Structures are given as C-alpha cells and as structure tokens.
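[1] Quick one: sequence plus predicted model below, questions after.
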Amino acid sequence: MRKPLKPKPPRHAKRQDVLTAKRNAKMASSTHAYVRGNTVKFYDWLKQAEIRGLPEGPAIWICGDCHTGNLGPIANSQGKIEVQIRDLDQTVIGNPVHDLVRLGLSLATAARGSALPGITTINMIEALFEGYLQPFAKETASRDPGDRPEVVRVVMREAVRRTWKHLARERLDDAQPTIPFGKRFWPVSEKERAEIESLFQIHTLAELATGLRGRPDTGDVTVLDAAYWVKGCSSLGRLRYAVLLDVDGGAVEGDDLCLIDIKEGVQAAAPRYKDAVMPRDNAERVVEGARHLSPHLGERMRSATLQERPVVLRELLPQDLKLEIDQVGPKEAMEVARYLALVVGQAHARQMNHSDRKRWTSELRRTKSKSIEAPTWLWKSVVELVGSHEVGYLEHCRRYALEAG
C-alpha cells in the first residue's frame, strides 16, 4: 500500500505566514492551549489586576511561564532523570509568586477542560499551595520530591526506558541519519545551512555534543542534516532549527548521533526586579536561568548567535518528555497540583538561604482565607485569570474563524 504523501513544506518566503496561522489554530483548540501559548496576556493582567497585595518574594530566578506543559522529566549528562522545569524562555530574576499564580491558572484551565466541578478547582488550589510550601519547611531544598501522581509515574517509567531509537522514531520518523521534511520539519536555505554548520566549528558548542554520555572528544562534529522545526506554540515564528550531528566523524551509529535544538532567545514578557543583574543577551539569560532553576537542563545548554540573533542550543535526550495534563480526574487533579507545585517550590527554595525561606513562607501565608486552605490573594488571582482568559480565548476563536473564513 502506498504511503500517503507528506504535506509540502512552504517556500522560505512564506514561512512566517504559515507559522502564524498554525499558532492561531493551535491556540484556538482549547482554553488550556490558549493559556499555554499566551504568556503576554498573563502579565498584562498583572499590570491591570484589581487584586492588590500579591506577596513580594526574594529576588531569585523564576520560570516566568510556569504552566503544566513546561514541566516534565529531564535527564542530566549522566542519565539521571528528575522532573524539573523544561522551558526557560521567559526566565528572569523576579517575584517567585508569579510562577505560583501562573501554575494555578494552568491547572484551573486543565480542570475546566476535563469538565471537573468547581469544588475540584478549589481542592487543586489548596493542594497547589500545600505542595509549593513543602520544600521551604525542610532544612535543605534538594531532597527528592517524594510520591509522584500516576500520570507522572507513567511518563517517568517511559523516560527511563527510552533510547536514541525512540527519539529518532518520534522526531525523525526513523533512525536513519537524515531529517525528513514534511509537517514538522521544513527545508533550510543554503545560507541558513552554512551558518548552522559554522556554529559547530566553535569548540564550546561542539563540546555540547561530545560532552554527554562519555562520547569521545575527538574534535570531529559533523552536521549531517538541518531543518527548520515547526514546534511549540509561543515559539512559533521565532528561529527554531533541528540539527542532526555525527560526533566522532567515523561510522554513523545510534550512539554517535546527536539531535540539537536551536531556539531563538527573545525578550522576556515576565517582569524582572528593577535592581536585578542579569545577562543582557537573551540567550545567555535563558541559559543562566536554567542553571539555577533546572540544573539537569542548564548543564546541557549553550548560548550563541545565529543570523545576528541570540539563540540557545541544547541536545535533545530521549528521556526529555512533556507532561500532558489535558484530561484528569478529581483525585488525580489534586495530586498533580500538589506535586508540580512542589517541583516549582523546590526550584525556588534551592536558591534561598534558610532565613529567606522562612521569611518567604511567612509572607505566603498572609491573608489566609476562612473558607479555603489557601491565601485569599492566590484564590482571587486564579479566579480573575480564568475569567479573563476565557474571554480572551473566545475572542481569539472569533478572530481566527473570521481569518480562516
């Protein structure tokens, strides 16, 4: 039986128009997808919100875009796997409460997408607050997160047993040393290919490929193939490339292959503290934030310049997976909220000393509600955000329907 023809990639000149249409369609698929793809609207709300009195936390690196899809299993260079923050495009030195509130919004919209009753959302916010506080009560913030919900255990088991062949079948359709063009991967121009090849002549970037899993550092890193990568939602429209490398220059085998993700670093929408000292280069900012928030990922990232724009490079490992929290039951929703908040709390707490953790805990517990086991500011923030994003989502769908028509 003949295989169906793959969609023809757009011409280079039409790339941006197609990407914009894809982004609009993806964000129109559900409120949860709209929330995940619209960081700017979240921070617009922060500027205009009627709610006052959000806690002011210590000046630490925050994710800045802390929704459920940005957490998941990540492997370090030695193969150890932990659930950490996996996307740091918006990372800044700012108020840690922004991560907590954004995660609450993401979980609440996931609950609505699962048609769960309002009482479940209340229970999730209570569990969210409880989980976030847990690392701050310990003398050290580096302990194992503990019991994982079933949805997390499933993806962790999958991460542990994954190999290069799994990654190749998922990303490349097969384990052959080429990137197949189609819906996900588009051809690059000769100029793009030449610039990408020149990147890996820089020793510090070549080391990114040779430094993992004990690969021999022979100095031979060859670009086998490169493609424009149609990936993500908020990142659609930026520079994004998949690059397939051979790291030893010899016979091409699975362990010699390396798949690099090149992603443009853009200005963060997340507000930083005024006196915070951060790298001015957006790619360097992302890498520095990752080293503080997600050590497994941070050690596998480098910053560079491509087409006169800042870019972040990282090797994709088979163990790097996204947590999909689109459909959950009432009990699992609470477990997921508690666990993911704990992971975020751990990323924050490891950056604070004992006295800072104690002060931050006291500040978070301020204005405790009599009707819910979470602060009033947290509950009201999530309720306001869910409402404003529902309106924004419907307006987005209306505009997208008009454009499509």
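    Structure received. Residues are numbered from 1 along each chain as shown.
[2] all helices of the stretch 301-405 of the chain, in order?
    Secondary structure of the stretch 301-405 of the chain (DSSP state H, counting those that start in this stretch): helices located at 330-349, 354-364, 376-404.
[3] should've said the chain
    Using DSSP state H, the helices found in the chain span residues 15-27, 31-36, 39-48, 97-113, 118-133, 150-161, 164-172, 190-199, 203-210, 282-293, 295-298, 330-349, 354-364, 376-404.
[4] Identify the bridge partners of Val83.
    Taking DSSP bridges as the rule, Val83 bridges to Pro73.
[5] Return the distance of it relative to Glu207.
    As judged by CB to CB, to the nearest Å, Val83 and Glu207 stand 27 Å apart. All C-beta atoms are positioned from the backbone trio N, CA, C, and that covers glycine.
[6] Would you mind listing the residues in contact with the nearest residue to Gly104 once chain neighbours are set aside?
    In space, and not counting its chain neighbours, Gly104 is closest to Val382: 4.4 Å by CB to CB, 6 or more residues apart in numbering. Applying CB atoms under 8 Å, 6 or more residues apart in numbering, we find Val382 in contact with 101, 104-105, 108, 121, 125.
[7] Closest to Cys258 out of the residues you listed?
    Closest approach to Cys258 among the contacts of Val382 (CB to CB): Leu105, at 36.3 Å.
[8] picking up where we left off before, out of the contacts of Val382, the closest to Lys183 would be?
    Distances from Lys183 to these, taken by CB to CB, are shortest for Leu105, at 30.0 Å.
[9] Let me know how buried the residue nearest to the closest one when sequence neighbours are not counted is, in neighbour terms.
    Among residues not flanking Leu105 along the chain, Leu385 sits closest, at 4.5 Å (CB to CB, 6+ apart). Neighbour count for Leu385, taken as other CB atoms under 10 Å: 24.
[10] these two touch, right, Leu385 and Phe42?
    Yes. The pair Leu385 and Phe42 qualifies as a contact (CB atoms under 8 Å) at a distance of 7.0 Å.
[11] okay, and the common contacts of those two?
    Residues touching both Leu385 and Phe42 by CB under 8 Å, 6+ apart: Leu105.
[12] before we move on, back to that, can I get the helices of the chain in TSV including mean pLDDT?
    Converted to TSV, these look like this (pLDDT from 0 to 100):
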stretch	mean pLDDT
helix 15-27	78
helix 31-36	80
helix 39-48	82
helix 97-113	91
helix 118-133	93
helix 150-161	58
helix 164-172	57
helix 190-199	94
helix 203-210	78
helix 282-293	97
helix 295-298	90
helix 330-349	91
helix 354-364	94
helix 376-404	85
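[13] Can you check which of these gets nearest to Glu315?
    So among the helices of the chain, helix 203-210 is nearest, using CB to CB, at 6.2 Å.
[14] So for that closest one, what gets flagged as buried?
    The neighbour-count criterion (16 or more other CB atoms under 10 Å) identifies 205-206, 208-210 as the buried residues of helix 203-210.
[15] Same question for stretch 331-347.
    Within stretch 331-347, the residues scored as buried using 16+ other CB under 10 Å are 332-347.
[16] now, among the residues you listed, which is nearest to Met278?
    Closest to Met278, out of all of the buried residues of stretch 331-347 and judged by CB to CB, is Ala347, at 16.9 Å.
[17] Which residue, other than its chain neighbours, is closest to the closest one?
    Leu293 (4.6 Å).
[18] Please consider this matter closed, and thank you.
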